[in-house]
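S.K.: sequence first, predicted coordinates after that:
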Amino acid sequence: MIALLRRDFRLAMRAGGGFGLGLAFFLIVVVLVPFGVGHDTALLAKIAPGILWLGALLSCLLSLDRILALDWEDGSLDLLAVSPIPMEAVVTIKALAHWATTGLPLTLVAPVFGVLLGLPEAGFYWLVISLLLGTPALSVIGTFGAALTVGIKRGGLLLSLLVLPLYVPTMIFGAELARRGAEGLATTTPLLMLAGITLGTIALLPFASAMVVRINLR
Amino acid sequence: MASIWEYANPVKFSRTVQVVLPWVSVGAAVALAVGLIWGFFFTPDDYRQGSTVKIIYLHVPAALMAINAWFMMLVTSLIWLIRRHHVSALAAKAAAPIGAVMTLIALITGAIWGQPMWGTWWEWDPRLTVFLILFLFYLGYIALWEAIDNPDTAADLTSVLCLVGSVFAVLSRYAVNFWNQGLHQGASLSLDKEENVADVFYFPLLVCIAGFVLLFVALVLLRTRTEIRRRRLKALIARERMA
């Protein structure tokens, strides 16, 4: 399992710029927003948590098709299916590798981009917390979507259509947590809800993903 | 008493549909005609809302069926995953576009109603938002069916999507509640509440709801039968080629 994690990790880092690409995309989204809504600092500061969450979500979405599609094409997924590791563990590891190469770096650079958008001082702490808590859910849910569309040629758009509605609860509580943090309001409720969603998806969704992968391999 | 599982046999299902479908269709037509004409022409205008109150006869039944169609898909998906009856999977497939259209009707009539009442076509109210999200779920579900060639794989994957989607749809419903308080009124048709819609509006509304339910059943039966026939046609063509 560790070997699989390291392999996925290395592939994500080295192959075709997948690692930096998500971050670059995130940066571009953040840069484009002021062009879209104007450079009014007060307005930008107000919408900054939402924009950063949306950017993180979209750049997460961008890299989802890499989770399983390449392994599907070259047959490694078949090998993994007959290996002693259960498929549930395989998809969990894959989600973990995806999170470590997209969600985690996004969380780490988000405060820097927060500066660009004039995020208030108090917001940085909660922004990082909310992303750190929320992005694992994005990766796990995304792995489910990737598993659903793995057998489909050019399934990218379909993947987005399937996954984005599933992202709604995570997005609501994540962005709400970051917003409340930035405005200095009480944060306990969204914090607990976000943590609950993340832990719940991590606990349950791999079973659905593994089932879907097995169906696709049939 | 014959077991309900006998209808998992496509031939038996088709034969039953042959008998039942005309009755259900006529029932739907009659109930809709009676309910809508009664509602539109023979009920008084509301003292505050004027004649716009009559949108209720389309809005409420459509919204009701939008949710119940998804629920039906959930049940049939479960039956497919557990007992692998093909008719069940095909019924889920048949129900999805109908549910999507019902959702759309509820959204559009809601917008038309909201404009004079709330002064806005659209508001990010929890109920409205949830229906929009439900519509997206329907679209994703239909798109996944369309994208996969192998019918059994497609049935399996869409069933799992339906199960997972249901959980997330319920989750979204409560998340959205937390996110924004709404303009939309609470439930006013419950059987156990003191304050409900006045009887003048209530009875034609019930007839309309019955009409929508029958319409939904008729359409699902019709579309399921079409799917079975399409599947059989494919098999026949394949056999022809082999010979």
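M.R.: That came through, no problem. Everything numeric in this text was worked out from a predicted model, so none of it was measured.

S.K.: C-alpha from now on. contacts and neighbour counts both.
M.R.: Fine.

S.K.: any part of the helix or strand where B:Leu163 lies near chain A?
M.R.: Assigning secondary structure by DSSP states H and E places B:Leu163 in helix B:151-179. Yes - in terms of Cα under 8 Å from any Cα of the partner chain, part of helix B:151-179 sits within range of chain A, namely B:153, B:156-157, B:160, B:164-165, B:168-169, B:171-172, B:175-176, B:179.

S.K.: need the residues of chain A near chain B, please.
M.R.: Residues of chain A that fall close to chain B, judged by Cα under 8 Å from any Cα: A:148, A:152, A:158, A:161-162, A:165-166, A:168-169, A:172-173, A:176, A:208, A:212, A:215-216.

S.K.: who wins for neighbours among the residues you listed?
M.R.: Neighbour counts for these were taken using other Cα atoms under 10 Å in any protein chain shown; the highest belongs to A:Leu148, with 30 neighbours.

S.K.: which stretches of chain B have low pLDDT?
M.R.: When residues are selected by pLDDT under 70, those of chain B lie in B:1-2, B:47-50, B:180-199.

S.K.: go with 90
M.R.: B:1-18, B:35-60, B:83-88, B:110-130, B:146-153, B:169-206, B:231, B:235, B:242-243 (pLDDT under 90).

S.K.: give the buried residues for the helix or strand hosting A:Ala110.
M.R.: A:Ala110 is part of helix A:104-116, with elements assigned from DSSP H and E. Taking 16 or more other Cα atoms under 10 Å in any protein chain shown as the basis for neighbour counts, the residues of helix A:104-116 that come out buried are A:104-107, A:110-111, A:113-114, A:116.

S.K.: who's sitting farthest from the centroid in chain A?
M.R.: Taking Cα atoms, centre = their mean, the residue of chain A most remote from its mean C-alpha position is A:Asp40, at 29.1 Å.

S.K.: what pLDDT does it get?
M.R.: Turning to A:Asp40, the model gives it a pLDDT of 82.

S.K.: distance of it relative to A:Lys46?
M.R.: Spatial separation of A:Asp40 from A:Lys46 under the definition Cα to Cα, to the nearest Å is 10 Å.

S.K.: tell me which other helices or strands the helix holding B:Leu163 touches.
M.R.: Other helices and strands packing on helix B:151-179, by 3 or more Cα pairs under 8 Å, 6 or more residues apart in numbering or on different chains; DSSP states H and E, are helix A:156-166, helix A:168-183, helix A:188-217, helix B:56-83, helix B:86-118, helix B:126-147.

S.K.: which of those is buried the deepest?
M.R.: Mean neighbour counts were taken over the helices and strands packed on helix B:151-179 using mean count of other Cα atoms under 10 Å in any protein chain shown, and the top value, a mean of 24, falls to helix A:168-183.

S.K.: can you give me how far that one is from the chain middle?
M.R.: What separates the centre of helix A:168-183 from the centre of its chain is 15 Å, taken as Cα atoms, centre = their mean, to the nearest Å.

S.K.: and if you look at stretch A:102-111?
M.R.: The chain centroid and the centroid of stretch A:102-111 are separated by 10 Å, computed with Cα atoms, centre = their mean.

S.K.: mean confidence score for it?
M.R.: For stretch A:102-111, the per-residue pLDDT values average out at 88.

S.K.: just the CA atoms of that stretch, as PDB, please.
M.R.: Extracted as PDB, the C-alpha positions of stretch A:102-111 are listed here (Å, rounded to 0.1, in the frame of the first residue of the first chain):
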ATOM      1  CA  THR A 102      -3.600  19.000  -5.200                       C
ATOM      2  CA  GLY A 103      -5.600  19.700  -2.000                       C
ATOM      3  CA  LEU A 104      -2.600  20.100   0.300                       C
ATOM      4  CA  PRO A 105      -0.500  22.400  -1.900                       C
ATOM      5  CA  LEU A 106      -3.700  24.500  -2.600                       C
ATOM      6  CA  THR A 107      -4.300  24.800   1.100                       C
ATOM      7  CA  LEU A 108      -0.700  25.900   1.600                       C
ATOM      8  CA  VAL A 109      -0.700  28.600  -1.100                       C
ATOM      9  CA  ALA A 110      -4.200  29.800  -0.500                       C
ATOM     10  CA  PRO A 111      -3.100  32.400   2.100                       C
END
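
S.K.: any idea how far A:Leu52 lies from A:Arg179?
M.R.: Separation of A:Leu52 from A:Arg179 (Cα to Cα) stands at 11 Å.

S.K.: check B:Ala31 too.
M.R.: As judged by Cα to Cα, B:Ala31 and A:Arg179 stand 50 Å apart.

S.K.: now swap in B:Ile133 and tell me
M.R.: Spatial separation of B:Ile133 from A:Arg179 under the definition Cα to Cα is 22 Å.

S.K.: same thing with B:Gly140?
M.R.: With distances taken as Cα to Cα, B:Gly140 is found 30 Å from A:Arg179.

S.K.: same check on A:Asp8?
M.R.: Between A:Asp8 and A:Arg179 the distance is 34 Å, computed by Cα to Cα.

S.K.: circling back to that earlier point, what would the helices and strands packed on helix B:151-179 look like in CSV with distance to A:Pro136?
M.R.: Conversion of the helices and strands packed on helix B:151-179 to CSV gives the following (distance: least, Cα to Cα, whole Å):
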stretch, distance to A:Pro136
helix A:156-166, 14
helix A:168-183, 10
helix A:188-217, 7
helix B:56-83, 27
helix B:86-118, 31
helix B:126-147, 22
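
S.K.: out of the ones you listed, which is closest to B:Leu205?
M.R.: Closest to B:Leu205 of the helices and strands packed on helix B:151-179, according to Cα to Cα: helix B:56-83, at 5.6 Å.

S.K.: what helices or strands is that closest one leaning on?
M.R.: So helix B:56-83, by 3+ Cα pairs under 8 Å, 6+ apart, packs with helix B:10-41, helix B:86-118, helix B:151-179, helix B:199-242.
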